[in-house]
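Novice: Just the structure for this:
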Amino acid sequence: MHFTVIVFASALSVITFALDNGLMRTPPMGWLAWERFRCDIDCEHDPKNCISESLFIDMADRLAEDGWRELGYVYVNIDDCWSSKERDQQGRLQADPKRFPGGIHKLARYMHDRGLKLGIYGDMGTLTCGGYPGTPLDKIEIDAQTFAEWEVDMFKYDGCWSNATEQEQGYPLMSKALNATGRPIGYSCSWPAYQGGLPPKVNYSQLGEICNLWRNYGDIDDSWDSILNIIDWFFENQEVLIPAAGPGRWNDPDMLIIGDFGLSIDQSRTQMALWAIMAAPLFMSNDLRTINSRARSILQNKMVIGINQDPMGIQGRRILKEKSGIEVFWRPLSNNASALVFFSRRNDMPYRYPTTLSKLNYTTGSYKIFDVFTDKTTMLKDSTEFVVSVNPTGVVMWYISAPAKPNHHQFYKQREQSRTNSQKSPASE
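Specialist: Numbers count the residues shown, from 1 in each chain. So this is what the prediction gives:
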């Protein structure tokens, strides 16, 4: 592929600046409360859905018992509205005692006993976005130490009620404070989302030095319009974002909403496929207790997860945007493999898109094609024209192996056999 050298070189240009905590060498995977459960604290009238200890225990049980953990979904992440409205007498954050009677440390132990990890949320301002105690500059060290003592494994640092100057100081300070605890804690920064997501206000080289992942853009909602807005922003700005990503440092387009209310099955496949192309963190925000089988099969698709988790960690790109409404995305993978996604922005009917691999910049050779969502396998030469039928708002996603190399031993064996046969034939006499 012609793209490989360009993207890989640009990725290497920032690799020396990666956060040195050894964590999240592939995009983190798990479950996050926010989109599906928001800030529901009404446990008296809605005990199954409120932000409480039991909700996170339920999700941990599902991850551990329903096949999610083995696929890599290991984080259970608390978002806003978990704490008391006041700090304790020592100035430390504390969980709401009614909703989290066992405390965060006990919840972390519950996760660890099941091979899972616990994530928690904080905010740089005086208050969180939901109105709970924040972690301003003077509280960074004590809160980092508290999270470490609670055996938390990941920390998301939001930015409500803070300004640009505080963010410029606070995000690096929190990184230093987390590392100083001696506990490996993955660090999710919301800094770029509060500064427009783009240079010059956002310094992605610096982000790679201090954060494992970062929110670049606004919050996702449970709607197709929200997915499209995120897709458009990320791929319209791909030349800026691709060099920023790599092992231990990831652009985060926000949660997977597959299995909620707003997406069709085709749209769910689209989110999963393009999040894999983007090397995005895969944090589901849904109800794993009631998720339907079709949504589960998309989220548990081993081939899509394998593409997302590719160890090279190179973020993919959009390579074509056709007038027909078809867009083509490509990502280089280990062992000279790659992933292709054909996406339809149309909303009328399936569209038959003709092309060849050579037109998509694949070099000469025969390629093995694995269709990720149908499990069909075929062989294609680079010059052979093919047609993909893409459903409205849907995708066709392929895993493509490296071109087949000629078997020289078999070639010489066949040539020797041919020579022997010709010597035996009457025509040779």
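Novice: mind listing the helices for the stretch 301-429 of the chain?
Specialist: 302-308, 408-424 (DSSP state H, counting those that start in this stretch).
Novice: If we ignore the residues flanking it in sequence, what's nearest Gly262?
Specialist: Asp222 (3.8 Å; Cβ to Cβ, 6 or more residues apart in numbering). Yep, even glycine has a C-beta here, placed from its N, CA and C like the rest.
Novice: Could you do Ser264 as well?
Specialist: Per Cβ to Cβ, 6+ apart, closest to Ser264 is Thr393, 6.9 Å.
Novice: ditto for Ile78
Specialist: In this structure, Ile78 finds its nearest non-sequential neighbour in Ile120, 5.1 Å apart by Cβ to Cβ, 6+ apart.
Novice: tell me the contacts of Met349?
Specialist: The contact partners of Met349, taken as Cβ atoms under 8 Å, 6 or more residues apart in numbering, are Pro392.
Novice: Could you check how far it is from Phe234?
Specialist: Noted for Met349: a distance of 27 Å to Phe234, by Cβ to Cβ, to the nearest Å.
Novice: just to revisit the earlier point, mind telling me which of the helices of the stretch 301-429 of the chain the model trusts least?
Specialist: The weakest mean pLDDT among the helices of the stretch 301-429 of the chain belongs to helix 408-424, with a mean of 46.
Novice: Dihedrals phi and psi, Gly103?
Specialist: When read as degrees, to the nearest 10, the backbone of Gly103 gives phi 80, psi 170.
Novice: Correct me if wrong: it contacts Leu93.
Specialist: No. Gly103 is not in contact with Leu93 according to Cβ atoms under 8 Å; the separation is 11.2 Å.
Novice: which secondary structure element contains the closest residue to Asp287 other than its chain neighbours?
Specialist: Nearest non-adjacent residue to Asp287, counting by Cβ to Cβ, 6+ apart: Arg36, 6.1 Å away. Assessed by DSSP states H and E, Arg36 sits inside helix 34-37.
Novice: CA atoms only: put that helix into CSV for me.
Specialist: Backbone C-alpha positions of helix 34-37 (Å, rounded to 0.1, in the frame of the first residue of the first chain) are rendered in CSV as follows:
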residue,chain,number,x,y,z
TRP,A,34,-22.3,7.9,31.4
GLU,A,35,-24.3,7.7,28.1
ARG,A,36,-26.7,5.0,29.2
PHE,A,37,-27.2,6.0,32.8
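Novice: who touches it?
Specialist: 49-51, 55, 79-80, 219-222, 254-255, 257, 260, 285-287.
Novice: following that helix, which helix or strand shows up next?
Specialist: Reading on from helix 34-37 to the C-terminus, the next helix or strand found by DSSP H and E is helix 53-65.
Novice: Find the nearest non-adjacent residue to Tyr73, please.
Specialist: Met29 (4.7 Å).
Novice: doesn't the residue nearest to Gly262 fall inside a strand?
Specialist: No. Applying DSSP: H, G, I helix; E, B strand; the rest coil, one finds Asp222 to be coil, outside a strand.
Novice: any idea of the pLDDT on it?
Specialist: Confidence for Asp222, expressed as pLDDT, is 98.
Novice: Check Ala404 too.
Specialist: Predicted confidence (pLDDT) for Ala404: 73.
Novice: Equivalent analysis for Asn286, please.
Specialist: pLDDT, read off for Asn286, is 98.
Novice: Number of residues surrounding it?
Specialist: 24 (other Cβ atoms under 10 Å).
Novice: Kindly report the same for the one 5 residues further on.
Specialist: Residues contacting Ile291 under the criterion other Cβ under 10 Å number 17.
Novice: Please apply the same query to Gly22.
Specialist: Gly22 has 9 nearby residues by other Cβ under 10 Å.
Novice: That one: what's it in contact with?
Specialist: Neighbours of Gly22 in contact, by Cβ under 8 Å, 6+ apart: 184, 248.
Novice: what about it, is that helix, strand or coil?
Specialist: coil.
Novice: do you know how far it is from Ala164?
Specialist: Distance from Gly22 to Ala164, by Cβ to Cβ: 30 Å.
Novice: How about Arg36?
Specialist: 31 Å.
Novice: ditto for Ser54
Specialist: 39 Å.
Novice: Also Asp88?
Specialist: 31 Å.
Novice: Would you list the phi and psi of the residue nearest to Ser264?
Specialist: The phi/psi pair for Thr393 (degrees, to the nearest 10) is phi 60, psi 20.
Novice: same question, Gly122
Specialist: phi -150, psi 180.
Novice: Contact partners for it?
Specialist: Applying Cβ under 8 Å, 6+ apart, the residues near Gly122 are 93, 128, 134-135, 143, 155-158.
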